[in-house]
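Chemist: the sequence and its predicted three-dimensional model are supplied below.
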Amino acid sequence: MTATTDGSTGAAAARPLSPPKRLQGHGGAGAALLPAEPGPGPGQQGDGLAAQAERAARLAADNLLARQDPRGWWKGDLETNVTMDAEDLLLREFLGIRDERTTEEAARFVRSQQRTDGTWATFHGGPGDLSTTVEAYVALRLAGDEPGEPHMARASAWIRDRGGVASTRIFTRIWLALFGWWRWEDLPELPPEIIYFPKWFPLNIYDFACWARQTIVPLTVVSAKRPVRPQPFPLDELHSDPSLPNPPRRMATWASWDGVFQRLDRVMHAYRRVASVPLRRAALRSAARWIVERQENDGCWGGIQPPAVYSLIALRLLGYDLDHPVMRAGLESLERFTVRYDDAPSGGDGADGSGGTRRMVEACQSPVWDTCLATVALADAGLPPDHPALVKAADWMLGEQVVRPGDWSVRRPRLRPGGWAFEFHNDNYPDTDDTAEVVLALRRVRNRDQARVDTAVRRAVDWTLGMQSRNGAWGAFDVDNDSPFPDRLPFCDFGKVIDPPSADVTAHVVEMLADEGHRDDPRVRRGVEWLLAEQEADGSWFGRWGVNYVYGTGAVVPALVAAGLPVSHPAIRRAVGWLESVQNEDGGWGEDLRSYLPEGGWAGRGTTTASQTGWALMALLAAGERESLAVERGISWLAHNQREDGSWDEPHFTGTGFPWDFSINYHLYRVVFPLTALGRYLHSPGGAGVGRQDAG
């Protein structure tokens, strides 16, 4: 039985949002939006566009309502890539708890995601990724797959052609070093003494984004201990030259930042040999205390997988027994990140060739985010504000507000807490993005206890205003987390390790604050000015947490309109022009993750998806384009491409963890954003958001 995300067992099985069939799901608690009407299916030719949109909205709303948990929340599967599954097996091997069932189920899933060229990608349709392919290969070796088997031979040949293990990212080589497949001496040094750097000192742990900070602290312990759990087989087939697995490379010039930090790393290696033993022991104890203090009530760390696995390894190295409550809770939390299928998501094009259950590990879980987005979608589609499903969702969200200080308090020690996090349990790291969207969702519901809602919203507004960065914009988790140094460390060669303000987060915050009556607040005006200055020359906005310019533009245009900019404003007209210019011939919108690369011209270009079409329509509708041909074609695409169950097929990844480096397929995006767009097309004057509901 697949565990639910909060630790209980699942209710009655529900049909999936994606083609693969889940073995266990969450039963529905909602009622239908409107009575079902007999007659033609989605997008029936001959219907007027409004009738097609109404039918599509009804089907999507019914689908969404059927997926609400009885306790009020929604959560779709969060699909990333097979490094999560590979590293889960490696963690279990390191701790000595890997079992046959877990290994077999994980191996089936990993094989199912392999492509015919032998590689594994980080997103659907993307190119093979070297580090991902190495980690997947190693996981399959642990599962018993032999190097001579065709699928393994194709993978190892491709790896060797790309430079072998020596060309992988640092995190991949750390995993290999844990088992003796790479030398610790050939990795960047990460001394635990950095835990003592004062908060004003460059490269102190609070200069790093929260996700990096939570990972780096336990890795300082791992780096200091340099453990090895030898395995019975080598990985010579993954080196271009097994006799020289780590060929020497020239250092960058002194005149470059890369050269400076490469030489600093040499200094850190030398420091290791002369470090004070008492100081190092004290630093390791301080790191352990820091890690344990940040464990959440559910046993996880920050609600995300990477800090959890490294924290468990670090604490084990520091003497924590597997039966220690901290360790036991941590391992149990990771099990709740498991989703089991009797078929796999369509990530690969290779054939597994074996039947049976396949086990996928989520990198994170998104119930708060999914619940507020689902609430907005259903309300904007016309569900009454006092509908039991919406009231139950609002009550659940109110109970998730974070009312204690977290790491963000380091930069804002006197700010009263009041935000929301992304996950079930993550009180250390609420974020401004979820907080903004939750407030917008709560204001669409007519709650029985309106005073409770008003109190929660006031706290959230005050907290959000207090989290504004010096440039007038908002980052997701911290204030002014924009130091230029962390990204330059040799250790940090994967993903963003800082959390500077972004257009999409700032837009959601501005929209919420404007909706709460703060349109003329000088702090909101500064946010608007920052957004206007961030517009690209072509009229779009960059998307940090969604792919990419379609997401950024879909967030910013409704925010600017909510903040009082007329739809005739030049910035909004340029945005409309850009969206019209990148509309696909089929009437929808899509954008490939390669738009995050500096070359290639992928901005706004890619296979049409339901979620990205929803984002584009939300922007166009907010800009007053309801009667335009672009909107008509977009709504028509949604109506004609809807599945009979009310959802849309969407194997493509439209969410972003780190631009390009780590991509996400949120399985609920393919319903909530099309439904929001359909609802605003049908029910909102001029196509803008529905906004607040009066109490009563």
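Modeler: Arrived safely, thanks for sending. Numbers count the residues shown, from 1 in each chain.

Chemist: what's the next secondary structure element after the worst-scoring helix or strand of the chain on mean pLDDT?
Modeler: Here the helix or strand of the chain ranked lowest by mean pLDDT, DSSP states H and E is helix 257-274, holding a mean of 80. Sequence-wise, the next helix or strand downstream of helix 257-274 (DSSP states H and E) is helix 277-293.

Chemist: quick one: that following helix to helix 257-274, angle?
Modeler: Using axes from the mean of the first three to the mean of the last three CA atoms, to 10 degrees, the inter-axis angle of helix 277-293 relative to helix 257-274 is 110 degrees.

Chemist: contacting residues around the least confident helix or strand of the chain?
Modeler: Helix 257-274 is contacted from outside by 185, 188-191, 251-254, 488-491, using CB atoms under 8 Å, 6 or more residues apart in numbering. Heads up, the C-betas are built off the backbone N, CA and C, glycines and all.

Chemist: show the buried residues in the residues you listed.
Modeler: The neighbour-count criterion (16 or more other CB atoms under 10 Å) marks 188, 189, 190, 191, 488, 489, 490, 491 among those as buried.

Chemist: so where's the chain shaky on pLDDT?
Modeler: The model of the chain has pLDDT under 70 over residues 1-47, 344-354, 685-696.

Chemist: where do the strands sit along it?
Modeler: 78-79, 338-341, 358-361, 655-658, 662-666 (DSSP state E).

Chemist: what number of residues lie near residue 580?
Modeler: 17 (other CB atoms under 10 Å).

Chemist: ok, it - contacts?
Modeler: Contacts of residue 580 (CB under 8 Å, 6+ apart): 628, 630.

Chemist: circling back: dump the buried ones among the contacts of helix 257-274 to JSON lines, plus distance to residue 463.
Modeler: Below are the buried ones among the contacts of helix 257-274 laid out as JSON lines (distance: CB to CB, whole Å):
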{"residue": "188", "distance to residue 463": "36"}
{"residue": "189", "distance to residue 463": "38"}
{"residue": "190", "distance to residue 463": "33"}
{"residue": "191", "distance to residue 463": "35"}
{"residue": "488", "distance to residue 463": "32"}
{"residue": "489", "distance to residue 463": "31"}
{"residue": "490", "distance to residue 463": "36"}
{"residue": "491", "distance to residue 463": "32"}
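
Chemist: check the residues you listed and tell me the two furthest apart.
Modeler: 191 and 488 (17.2 Å; CB to CB).

Chemist: how about the contacts made by residue 209?
Modeler: 477, 478, 481, 496, 497, 498, 499.

Chemist: find the nearest non-adjacent residue to the fifth one, please.
Modeler: What sits nearest to residue 497 in space, not counting adjacent residues and going by CB to CB, 6 or more residues apart in numbering, is residue 212, at 3.9 Å.

Chemist: how close does the one you found get to residue 160?
Modeler: Remark: distance between residue 212 and residue 160 (CB to CB, to the nearest Å) = 31 Å.

Chemist: what does residue 148 give?
Modeler: Going from residue 148 to residue 160 by CB to CB gives 15 Å.

Chemist: more neighbours: those two, which one.
Modeler: residue 160 (16 against 9).

Chemist: count the neighbours of the closest residue to the more buried one other than its chain neighbours for me.
Modeler: In space, and not counting its chain neighbours, residue 160 is closest to residue 240: 5.2 Å by CB to CB, 6+ apart. For residue 240, the count of nearby residues is 16 (other CB under 10 Å).

Chemist: quick check: residue 231 touching residue 179?
Modeler: Yes - between residue 231 and residue 179 there is a contact under CB atoms under 8 Å: 4.9 Å.
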